[in-house]
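Participant: sequence-free structure coming up:
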DNA sequence: GCGGCGGAGTGATCCAGGTCAATGAAAGCC
DNA sequence: GGCTTTCATTGACCTGGATCACTCCGCCGC
């Protein structure tokens, strides 16, 4: 397996991609259960020495979700924290009349559980997913004895905050085409941070999910996809895949950041 | 001065109001400069004993801003952190063509400076403002030796994140009237958390600023104000003040949180 | 007091994106 | 393998809020 150290230079700036991270410990005994974890080096688990990791591991458990299955609902007590190890989750908030705003998609390696108290949003699998789960109380106690993880969590929260503010710009001020372009480029960048430099990415979420993330309707999302396809910027492939054909025009539209 | 302990039960749920805080130290020598600070007990400074506070104080300095004067711009190096002690700031991001999204307003007692690296947004005074300023490097060093402040900063980031996500719902899914109702109630709740239970609040920001915060135009904001006034929900008073006449219908519109 | 100026309010018109409706394509299910 | 269901796409039409244009008002400087 190739080292993930390329991720740590923080060159990718888009939503939810790489951010400045603590140094990872890559060597643990081959028979350690977490040694098989495909995302260990992307999470704070990668900060732990084998000994600590073993102690930490025995405080948690794993689970899996079927597509559409909820992990928790807004208002539930937030007494667990999660590391997503496989699959995709959507996080969303509802208005009383059913209008929905998706506030983010989680990919493997993402951590879930920053807020103490009750959950302020719902979490649900978009495709089959697997996770590692820890009791918040135990997790907090563990964090107290590992300040480097506390620092990491703080950086993650700050990074999420920056991403949320970027999304506020998208929702408040961008056109439909600009929103979809921003979303697609963000997905490509996130994929690039995790895999090779593929120009093909899978979209496990439905058009409705994308619409609820971008503050649009599924029809408008669909029409924007068609427009991008017609303009030769992307190609839609079977099995929910998209290929990036021309990055330039999409970046123009996304106008990622102001100067 | 009355204790702020009423704020700590977390009953106010709207944007940027109270959140669970550490216990405040209220007794410091009367001749200590920070003893005159009107917002000390609302900030992390209130966590510090007199001795620490004195050491901390000598690491910083104060400043003031005229209306419209920038504190910093997006892209500037973020090597200072701030505590706003008086006035109001707006934080915003720009798109290359000038479209603007205001991501938040800061009131006295608010802390500014969660992100290391370059500023991801601009900050500018809405009305005359005063602040306390510290070099980030020194501040970070101070935080390292005061874990309770580190914890406080983490909670603040998490709280800001929840507020940002709430704003994503507003920007993605609420109508113009719902946005303004949410904004006004948020202001009243923030004022209530700071002062007595007044039903009158000052709006130091322009209609354009409100529009850029709510993802609308100034015309639509103005029309919505008129609609609320006509419906008898609010009264507009001289000197940029608004009086809340009927909380019920506004709350109905804001539909603060889903169940 | 007076003139200039920026912000607020409001009317008229326009349009991006929402809504409604129909069709087509892919996936689960006995 | 046919049947059902769900999702994506596309078309026709509608509308909430944007845009454009103007008036009014409060404030500032002198």
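Facilitator: Happy to help now that I have it. Everything numeric here is computed off the predicted structure, so don't read it as measured data.
Participant: confirm that residue A:183 sits in a strand.
Facilitator: No: counting by DSSP: H, G, I helix; E, B strand; the rest coil, residue A:183 is not part of a strand but helix.
Participant: wait, isn't it in contact with residue A:212?
Facilitator: No: counting by CB atoms under 8 Å, residue A:212 is not a contact partner of residue A:183; they are 11.7 Å apart. Where you see a C-beta, it was placed from the backbone N, CA and C, and this is true even at glycine.
Participant: strands of the stretch 101-250 of chain A, start to end?
Facilitator: Along the stretch 101-250 of chain A, counting by DSSP state E, counting those that start in this stretch, strands occupy A:111-112, A:122-125, A:129-135, A:200-202, A:234-237, A:241-244.
Participant: adjacent strands (with direction) for the fifth one?
Facilitator: Partner strands and pairing direction for strand A:234-237 (DSSP bridges) are strand A:241-244 (antiparallel).
Participant: what about residue A:62, distance to DNA strand C?
Facilitator: 23 Å (CB to the nearest atom of the strand, to the nearest Å).
Participant: could you export the strands of the stretch 101-250 of chain A as TSV, including distance to DNA strand C and mean neighbour count?
Facilitator: Shown next, in TSV, are these (distance: least, CB to the nearest atom of the strand, whole Å; neighbours: other CB atoms under 10 Å in any protein chain shown):
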stretch	distance to DNA strand C	mean neighbour count
strand A:111-112	25	20
strand A:122-125	13	22
strand A:129-135	15	20
strand A:200-202	12	16
strand A:234-237	10	16
strand A:241-244	11	16
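Participant: could I get those as JSON lines with mean pLDDT?
Facilitator: Shown next, in JSON lines, are those (pLDDT from 0 to 100):
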{"stretch": "strand A:111-112", "mean pLDDT": "92"}
{"stretch": "strand A:122-125", "mean pLDDT": "94"}
{"stretch": "strand A:129-135", "mean pLDDT": "90"}
{"stretch": "strand A:200-202", "mean pLDDT": "89"}
{"stretch": "strand A:234-237", "mean pLDDT": "92"}
{"stretch": "strand A:241-244", "mean pLDDT": "92"}
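Participant: picking that back up, more crowded one of residue A:183 and residue A:212?
Facilitator: residue A:212 (25 against 21; other CB atoms under 10 Å in any protein chain shown).
Participant: and the residue of the stretch 51-200 of chain A found nearest chain B, what pLDDT?
Facilitator: For the stretch 51-200 of chain A, the residue closest to chain B is residue A:172, as judged by CB to the nearest CB, at 3.2 Å. Looking at residue A:172, its pLDDT reads 97.
Participant: ok, the closest residue to it other than its chain neighbours - contacts?
Facilitator: Nearest non-adjacent residue to residue A:172, counting by CB to CB, 6 or more residues apart in numbering or on different chains: residue B:215, 3.2 Å away. Taking CB atoms under 8 Å, 6 or more residues apart in numbering or on different chains, we find residue B:215 in contact with A:171, A:172, A:173, B:101, B:170, B:171, B:179.
Participant: the third one contacts residue B:99, correct?
Facilitator: By that I understand residue A:173. Yes: between residue A:173 and residue B:99 there is a contact under CB under 8 Å: 4.5 Å.
Participant: how much space between residue A:241 and chain B?
Facilitator: 26 Å (CB to the nearest CB, to the nearest Å).
Participant: thought that residue was touching residue A:202?
Facilitator: Yes: in terms of CB under 8 Å, residue A:241 counts as a neighbour of residue A:202; the distance is 5.2 Å.
Participant: sec struct for the residue in the stretch 51-200 of chain A positioned nearest to DNA strand D, please.
Facilitator: Closest to DNA strand D within the stretch 51-200 of chain A is residue A:68: 7.8 Å, counting by CB to the nearest atom of the strand. In three-state terms, and counting by three-state DSSP, residue A:68 is coil.
Participant: check contacts around it.
Facilitator: So residue A:68 contacts A:124, A:125 (CB under 8 Å, 6+ apart).
Participant: circling back to that earlier point, which residues touch the residue of the stretch 51-200 of chain A closest to chain B?
Facilitator: B:101, B:171, B:212, B:214, B:215.
Participant: just give me the neighbour total for residue A:190.
Facilitator: 21.
Participant: hmm, I typed the wrong one, I wanted residue A:216.
Facilitator: 21.
Participant: relative to residue A:173, how far out is it?
Facilitator: 14 Å (CB to CB, to the nearest Å).
Participant: and residue A:117, what pLDDT?
Facilitator: pLDDT at residue A:117 comes out at 83.
Participant: that one is in contact with residue A:75, isn't it?
Facilitator: No: at 10.4 Å, residue A:117 does not count as touching residue A:75 under the criterion of CB under 8 Å.
Participant: the residue most central in space within chain A: what's it in contact with?
Facilitator: For chain A, the residue nearest the mean C-alpha position is residue A:106 (3.0 Å; CA atoms, centre = their mean). Applying CB under 8 Å, 6+ apart, we find residue A:106 in contact with A:84, A:88, A:89, A:90, A:91, A:112, A:123.
Participant: look up how far DNA strand C lies from it.
Facilitator: Taken as CB to the nearest atom of the strand, the span from residue A:106 to DNA strand C is 21 Å.
Participant: can you tell me how far that residue sits from residue A:45?
Facilitator: Residue A:106 is 16 Å from residue A:45, by CB to CB.
Participant: what segments of the stretch 151-259 of chain A are helices?
Facilitator: Listed in chain order, the helices of the stretch 151-259 of chain A (DSSP state H, counting those that start in this stretch) span A:176-194, A:207-214, A:218-230, A:247-254.
Participant: got the domain ranges for chain A?
Facilitator: Per the record, chain A has its domains at A:34-148, A:174-255, by automatic domain parsing.
Participant: any chance of a markdown table for these, columns distance to residue B:138?
Facilitator: Below are the domains of chain A laid out as a markdown table (distance: least, CB to CB, whole Å):
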| stretch | distance to residue B:138 |
| --- | --- |
| domain A:34-148 | 19 |
| domain A:174-255 | 33 |
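Participant: compare the mean pLDDT across the ones you listed and name the weakest.
Facilitator: Minimum mean pLDDT among the domains of chain A: domain A:34-148, a mean of 85.
Participant: quick one: end-to-end distance for that domain.
Facilitator: 19 Å (CA to CA, to the nearest Å).
Participant: follow-up on the earlier one: list buried residues within the contacts of residue B:215.
Facilitator: Among the contacts of residue B:215, those classed as buried by 16 or more other CB atoms under 10 Å in any protein chain shown are A:171, A:172, A:173, B:101, B:170, B:171, B:179.
Participant: want to throw those residues into a markdown table with distance to DNA strand C?
Facilitator: Shown next, in a markdown table, are these (distance: CB to the nearest atom of the strand, whole Å):
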| residue | distance to DNA strand C |
| --- | --- |
| A:171 | 10 |
| A:172 | 12 |
| A:173 | 10 |
| B:101 | 15 |
| B:170 | 14 |
| B:171 | 12 |
| B:179 | 15 |
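Participant: OK, contacts around residue A:88?
Facilitator: Residue A:88 neighbours (CB under 8 Å, 6+ apart): A:105, A:106, A:107, A:125, A:126, A:127, A:129, A:204, A:205.
Participant: 6 Å instead, please
Facilitator: Residue A:88 makes contacts with A:105, A:126, A:127, A:204, as judged by CB atoms under 6 Å, 6 or more residues apart in numbering or on different chains.
Participant: widest-spaced pair of those residues?
Facilitator: Of all pairs drawn from the contacts of residue A:88, the one with the longest distance (CB to CB) is A:105 and A:127, at 10.6 Å.
Participant: not counting its neighbours along the chain, what's nearest residue A:124?
Facilitator: residue A:70 (4.6 Å).
Participant: state the distance from the one you found to DNA strand C.
Facilitator: 18 Å.
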